[in-house]
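# pasting the structure only:
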């Protein structure tokens, strides 16, 4: 049985930077970003707010969707977020 997959978008507190990622364990992965346990982009740019996510039946589908989102413009990402989270609230605490 395949694990579920998730595509997620995170932002900085000022919403100036948006990060797109994929994982099979959303809550754990966002915790790692928030606590800066992972070296890289999110730690460097202080990206700590989960502002959008989608759930998929398998990780392969999530990876395909991640590529689609990453291929879009910043405005496409902002529009996607605003459809479900117009105030860019941190959704992590609702998981």
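Noted; the coordinates are in hand. As the structure is a computational prediction, the values presented were derived from the model and not from experiment.
# For the closest residue to residue 74 other than its chain neighbours, give me its contacts.
In space, and not counting its chain neighbours, residue 74 is closest to residue 18: 6.6 Å by CB to CB, 6 or more residues apart in numbering. Using the backbone N, CA and C atoms, a C-beta is placed for each residue, glycine as well. Counting by CB atoms under 8 Å, 6 or more residues apart in numbering, residue 18 touches 9-11, 51, 74, 77-78, 81.
# which residues of the chain score low on pLDDT?
Along the chain, segments meeting pLDDT under 70 span 1-2.
# what do you get if the cut-off is 90, keeping everything else the same?
Along the chain, the parts satisfying pLDDT under 90 run over 1-3.
# ok, residues contacting the helix or strand hosting residue 75?
Taking DSSP states H and E as the criterion, residue 75 maps to helix 74-84. Helix 74-84 has contacts (CB under 8 Å, 6+ apart) with 9, 11, 18, 20, 51-52, 69, 88.
# Among these, name the ones in strands.
9, 11, 18, 20, 51-52 (DSSP state E).
# In contact with residue 20, which residues are there?
So residue 20 contacts 7-9, 66, 69-70, 77 (CB under 8 Å, 6+ apart).
# ugh, wrong one, residue 62
4-7, 22-24, 54, 56.
# does it belong to a helix or a strand, and which?
helix 59-70.
# which of the residues in stretch 15-24 are buried?
Across stretch 15-24, burial judged by 16 or more other CB atoms under 10 Å covers 17-23.
# Please apply the same query to stretch 44-64.
Buried-residue list, stretch 44-64, by 16+ other CB under 10 Å: 47-54, 56, 59, 61-62.
# just stretch 76-89 next, same as before
By neighbour count on 16+ other CB under 10 Å, the buried set for stretch 76-89 is 77-78, 80-81, 85, 88.
# any idea which of those residues is closest to residue 35?
residue 88 (20.4 Å; CB to CB).
# how much space between the closest one and residue 24?
In this view, residue 88 and residue 24 are 25 Å apart by CB to CB, to the nearest Å.
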